[in-house]
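1. sequence below, structure please.
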Amino acid sequence: MTHTVIETKRLVLRRVTAADLDELIAIHADPDIQRFMGAFDQDRAIEWLDRVDRAWQDHGYGRLAITDRATGRLLGRTGLQYFEQFAETELGWTLRRDAWGCGYATEAARACADWAFGEFEIPYLTSLIEPDNQRSIKLAERLGLTPLRNDVLLERPFVVYAVTREIWLAP
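-> As a prediction, this is how the structure comes out:
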């Protein structure tokens, strides 16, 4: 079992566990989260955690819980997900609404990208963002991701943003 922990100035990113499921379900109960990420009920959350655990086993990376360093409070999730159908690794993020606007998603996603390019031979990272998700588009742009293509996943249209290893690691 991989015990990845990434620490930033304000955050601790660690593997998502079954102990996080109630909080994740609560985060996904917010209509603004559901709009882009969908709802989680207990069954869906357990299935999602099983997929996350398999990803860690298969690829050595996966989704991470975003926790507040000072309080330990779960703020959301971030991390990496390999998509077989695209043969690409996605950098994703979701925060509870009361944590929006504080820079946590940027801090967490930046730390994950550093981890991805520092630890794995990933040529580029993608972020699948629905065309009207302006908050995530702005975050992707702050991180230096640019539109790569339009695509569809689970019958939902996405703009696929990407950043290459070379661009990310450039001084």
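2. who does the most centrally placed residue in the chain bridge with?
-> Against the mean C-alpha coordinate of the chain, by C-alpha atoms, centre = their mean, the closest residue is G92 at 2.4 Å. Under the criterion DSSP bridges, G92 forms beta bridges with G79.
3. buried residues in stretch 9-25?
-> Residues of stretch 9-25 classed as buried: R10, L11, V12, L13, R14, R15, V16, D20, L21, E23, L24 (neighbour count, 16 or more other C-beta atoms under 10 Å). No exception for glycine: its C-beta is placed from N, CA and C like everyone else's.
4. how about stretch 89-98?
-> T89, E90, L91, G92, W93, T94, L95, R96.
5. so what's the fourth one scoring on pLDDT?
-> Residue-level confidence at G92 comes out at 92, pLDDT.
6. just to check, V5 is in contact with T67?
-> No - with contact defined as C-beta atoms under 8 Å, V5 does not reach T67; the gap is 10.0 Å.
7. shared neighbours, those two?
-> V12, L13, R14 (C-beta atoms under 8 Å, 6 or more residues apart in numbering).
8. in which helix or strand does the first one reside?
-> Under the criterion DSSP states H and E, the helix or strand holding V12 is strand 11-15.
9. pull the distance from the helix or strand following that strand to the chain's centre.
-> Using DSSP H and E, the helix or strand that follows strand 11-15 towards the C-terminus is helix 21-28. Taking C-alpha atoms, centre = their mean, to the nearest Å, one finds helix 21-28 lying 15 Å from the centre of the chain it belongs to.
10. who are the packing partners of the longest helix seen in the chain?
-> If you go by DSSP state H, the chain has its longest helix at helix 42-59. Identification of packing neighbours for helix 42-59 by 3 or more C-beta pairs under 8 Å, 6 or more residues apart in numbering; DSSP states H and E yields helix 21-28, strand 74-83.
11. worst average pLDDT in those?
-> helix 21-28 (a mean of 82).
12. so that helix versus strand 74-83, what angle?
-> Helix 21-28 and strand 74-83 are oriented at 90 degrees to each other (axes from the mean of the first three to the mean of the last three C-alpha atoms, to 10 degrees).
13. next, the angle helix 42-59 makes with helix 21-28.
-> Using the same axes, to 10 degrees: helix 21-28 against helix 42-59 is 110 degrees.
14. flag the shaky bits of this structure, pLDDT-wise.
-> 1-3, 34-39 (pLDDT under 70).
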